[in-house]
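Participant: 3D model of this:
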Amino acid sequence: EADEELGEVQELLQREVLALRELMQALRPIELETSDQLPDVLASLVERFRRDTSVSARFVWTGGPISLSSSTALELARIVQEALVNVRKHSRARNVLVRLTNSDDTCTLIIEDDGQGFDFEGRLSARELEKRRIGPAIIKERARIAGAQLSVDSTPGVGARLELTFNNGVHA
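Facilitator: As a prediction, the model looks like this:
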């Protein structure tokens with residue numbers, strides 16, 4: 001009985017240590033002076049998440065130089081940070097992929113996992129998520145601030161996919 005209680009205390013302690021690390025990371029300023037640093041910042045966030053959790057995580061970047069304002073790029077980094085926290089806390093995922101693609105006219109960020117998904121099936125826009133009062137609240141707000149078009153795909157028991165699209169060019 002004592003061994004069982006000790007095991008439960010150790011699990012609780014591990015969860016609290018990870019929560020404290022996440023809080024410290026959220027409070028730490030993200031070094032991002034120009035948007036061309038964004039791929040390196042995102043790769044670092046994903047690598048830290050992979051190291052700190054038992055979740056396999058990868059970052060993939062394709063395309064040319066990023067031409068978002070530094071404030072928009074910072075919001076993007078914070079969105080990835082929040083999405084990874086949500087994956088750890090809620091999704092029970094084993095795998096996460098963060099993908100940044102850039103073309104002449106759009107920059108797209110996709111975060112997908114193989115976890116339990118949201119409480120809906122299908123693809124919803126930010127407007128539909130708001131109307132139903134569901135979805136990741138902090139990410140919805142950050143996407144709105146950054147001027148991104150957000151959509152969330154969910155298949156309960158299979159996984160979720162967040163997609164944010166930005167028009168290329170410098171934004172406020």
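
Participant: just so I have it, where are all the strands in the chain?
Facilitator: Assigned by DSSP state E, the strands in the chain fall at 56-63, 95-102, 106-113, 122-125, 149-155, 159-167.

Participant: could those go into a markdown table alongside mean pLDDT?
Facilitator: As requested, those are exported to a markdown table (pLDDT from 0 to 100):
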| stretch | mean pLDDT |
| --- | --- |
| strand 56-63 | 95 |
| strand 95-102 | 96 |
| strand 106-113 | 95 |
| strand 122-125 | 96 |
| strand 149-155 | 96 |
| strand 159-167 | 94 |
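
Participant: now those in CSV, with mean neighbour count and distance to S44?
Facilitator: Placement of C-beta: from N, CA and C, glycine included. CSV is the format used below for those (neighbours: other Cβ atoms under 10 Å; distance: least, Cβ to Cβ, whole Å):
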stretch, mean neighbour count, distance to S44
strand 56-63, 15, 9
strand 95-102, 19, 11
strand 106-113, 21, 15
strand 122-125, 14, 30
strand 149-155, 19, 23
strand 159-167, 20, 19
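
Participant: Export those strands as a markdown table, with columns for distance to R15.
Facilitator: What follows is these, written out as a markdown table (distance: least, Cβ to Cβ, whole Å):
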| stretch | distance to R15 |
| --- | --- |
| strand 56-63 | 18 |
| strand 95-102 | 18 |
| strand 106-113 | 19 |
| strand 122-125 | 30 |
| strand 149-155 | 25 |
| strand 159-167 | 22 |
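
Participant: Relative to S35, which of the ones you listed is closest?
Facilitator: Between S35 and these, the shortest gap by Cβ to Cβ is with strand 106-113, which sits at 8.7 Å.
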